[in-house]
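[1] compute the structure for the input listed below.
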Amino acid sequence: MKTREKAIEKVILICAAVSTLAVALITIFIFSSGIPVLKNYGLFNFIFGHSWRPTNGEYGILPLIAGTLGVTLGALIIGIPTGLGCAVFLAEMLKKRPAKWFKSAIELLAGIPSVVYGFFGLAVIVPAIRQYILPLVQKVNPEAASSGFSVLAGAIILAIMILPTIVSISENSISAVPAEFREASLALGADKRETITKVILPAAKSGIFSSIILAMGRAIGETMAVLLITGNMAQIPGSPLDPAATLTGTIAMEMSYATPEHQSALFAIGIILFVIIVILNSIAQAIMRKFGGMTA
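    This is a model prediction of the structure:
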């Protein structure tokens, strides 16, 4: 038995070492490939430059950052209330058997390839924006125009894609709140709504915050779906109906034909994305350490 346990420990150690080594090699490769253009072009000019024109040697990624943030924030604005409401409904209002079925159906969304979401956006969301939302906007602003390929289209499709993350983690956190909390709140005269909003959700906030941060990381890192429906125009969008380009979409679209300097600039974009993801993961870990003791 001891020999078997030691063998299992060694296998786990080897797997952990290989995973760590893989991450380290990827990090070294990305940084070594992207640092040259950051040195030549300047980090400040690279991040805050307004013009992304690789053929002219202009590598300002501010429009790409603006497009990424616009799509991500839009997805969070749509996805957080929807996902949190769904999690509360599954954990607190629906019976266990149907709740299990609904949760399984929602989790299936995570297994759908992102390119399928992109095709759905092309076939449904983009035409819907052009035919239904744009006329409503034009009643207020007659000069408004949109092809449907826009920040809004990307935000809607990303909101659907991040729902499984928010719903699953938030529902688990809400379900982990001890039953005594609910009973004590109801015994003091609080109704169901007050118990959920003032007792259960605050007690489950660590898991809820973590789900939001992980969903944000998923939205920032998504490529194919937003590549198909945002329009891929490197400009700072002035409204949700304007087309935009994202950091990940630009890398995927331009890497195949990039010149060496252009390719280095794309790797530099990867560095920026890497830093953003590391920051988000650090925030998630900090939240878990700070509030982890409040929920199971």
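
[2] do a quick rundown of the strands in this protein.
    Listed from the start of the chain, the chain has strands (DSSP state E) covering 52-53, 58-59.

[3] which ones are touching the closest residue to residue 77 other than its chain neighbours?
    On the basis of C-beta to C-beta, 6 or more residues apart in numbering, the spatially nearest residue to residue 77 that is not a chain neighbour turns out to be residue 155, at 7.5 Å. Placement of C-beta: from N, CA and C, glycine included. For residue 155, the set of contacting residues under the criterion of C-beta atoms under 8 Å, 6 or more residues apart in numbering consists of 70-75, 77-78, 240.

[4] go again with 6 Å.
    The contact partners of residue 155, by C-beta atoms under 6 Å, 6 or more residues apart in numbering, come to 71, 74-75.

[5] low-confidence stretches in the protein?
    The chain contains residues with pLDDT under 70 at 1, 288, 291-296.

[6] any idea which helix is longest in it?
    Ranked by residue count, the top helix of the chain under DSSP state H comes out as helix 2-41.

[7] buried residues, it. List them.
    Counting neighbours by 16 or more other C-beta atoms under 10 Å, one finds that the buried residues in helix 2-41 are 30, 33-34, 37-38, 41.

[8] one more: stretch 122-130?
    122, 125-126, 129-130.

[9] can I get those residues in a markdown table including distance to residue 272?
    Supplementary listing: those in a markdown table, determined by distance: C-beta to C-beta, whole Å:
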| residue | distance to residue 272 |
| --- | --- |
| 122 | 28 |
| 125 | 28 |
| 126 | 28 |
| 129 | 29 |
| 130 | 32 |
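
[10] closest one of the residues you listed to residue 99?
    For those, the minimum distance to residue 99 (C-beta to C-beta) is 28.5 Å, reached by residue 125.

[11] which residues does that closest one contact?
    Applying C-beta under 6 Å, 6+ apart, we find residue 125 in contact with 153, 156.

[12] for it, give its distance to residue 87.
    Residue 125 sits at a distance of 24 Å from residue 87 (criterion: C-beta to C-beta, to the nearest Å).

[13] contacting residues for the most centrally placed residue in the chain?
    To find the centre residue of the chain, average its C-alpha atoms and take the closest one (C-alpha atoms, centre = their mean): that gives residue 219, at 2.1 Å. Listed by C-beta under 6 Å, 6+ apart, the contact partners of residue 219 are 72, 75, 158, 162.

[14] tell me who's in contact with the first one.
    When contacts are counted by C-beta under 6 Å, 6+ apart, residue 72 touches 219-220.

[15] same question, residue 269
    For residue 269, the residues meeting the contact criterion (C-beta under 6 Å, 6+ apart) are 247, 251.

[16] roughly how far does it sit from residue 251?
    6 Å.

[17] sorry, back to before: most surrounded residue in the contacts of residue 219?
    Of all these, residue 158 has the most neighbours under the rule other C-beta atoms under 10 Å, reaching 30 neighbours.

[18] roughly how far apart are that one and residue 248?
    Residue 158 sits 11 Å away from residue 248, going by C-beta to C-beta.

[19] and if you look at residue 202?
    In this view, residue 202 and residue 248 are 35 Å apart by C-beta to C-beta.

[20] so the two - more neighbours on which side?
    The residue with the greater number of neighbours, taking residue 202 and residue 248 and applying other C-beta under 10 Å, is residue 248; the counts read 20 against 13.
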